[in-house]
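Asker: Just to be clear, the model below is a prediction. Sequence and coordinates:
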Amino acid sequence: MSSYTVQIDSKLAERLEQAARAAKISSTDLIAECIAQHLDITIRHLALVERLEAVDQGLLELASFVGEATAGSNVDVSSLCRYAPPKA
């Protein structure tokens, strides 16, 4: 386990101590829990950003593919999509 020193503004420290008393845990445990929660949120945020970038890249590749597939002739673009509506 690693040890860190944290300096907190006095007004925030008072609120932290009140919250710790209300939760019936030590101020140190409350700080550790807050940091753990923020790190978890940060990791989730980064994963979502990576997924968004992957989706964006996939959309660009799809747009390029459709552009190339339909460039020179009359192509039925409805057959390019797996989820195309049924033909009437």
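Answerer: Looks like it arrived, so ask away. Numbers count the residues shown, from 1 in each chain.
Asker: quick one, longest helix in this protein?
Answerer: helix 27-69 (DSSP state H).
Asker: for the protein, what are the low-confidence residue spans?
Answerer: With pLDDT under 70 as the threshold, the chain has low-confidence stretches at 72-88.
Asker: re earlier: could you say what helices and strands the longest helix of the chain packs with?
Answerer: When contacts are defined as 3 or more C-beta pairs under 8 Å, 6 or more residues apart in numbering; DSSP states H and E, helix 27-69 sits against helix 10-23. Quick note: C-beta positions are derived from backbone N, CA and C, even for glycine.
Asker: Take the helix it packs on, keep the C-alpha atoms, and write them as CSV.
Answerer: Below are the C-alpha coordinates for helix 10-23, written out as CSV (Å, rounded to 0.1, in the frame of the first residue of the first chain):
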residue,chain,number,x,y,z
SER,A,10,-9.9,24.3,6.1
LYS,A,11,-13.5,24.9,5.0
LEU,A,12,-13.4,21.7,2.9
ALA,A,13,-11.7,19.8,5.7
GLU,A,14,-14.6,20.8,8.0
ARG,A,15,-17.2,19.5,5.5
LEU,A,16,-15.1,16.3,5.0
GLU,A,17,-15.0,15.7,8.8
GLN,A,18,-18.7,16.3,9.1
ALA,A,19,-19.4,13.9,6.2
ALA,A,20,-17.1,11.3,7.8
ARG,A,21,-18.8,11.5,11.1
ALA,A,22,-22.2,11.2,9.4
ALA,A,23,-21.0,8.1,7.6
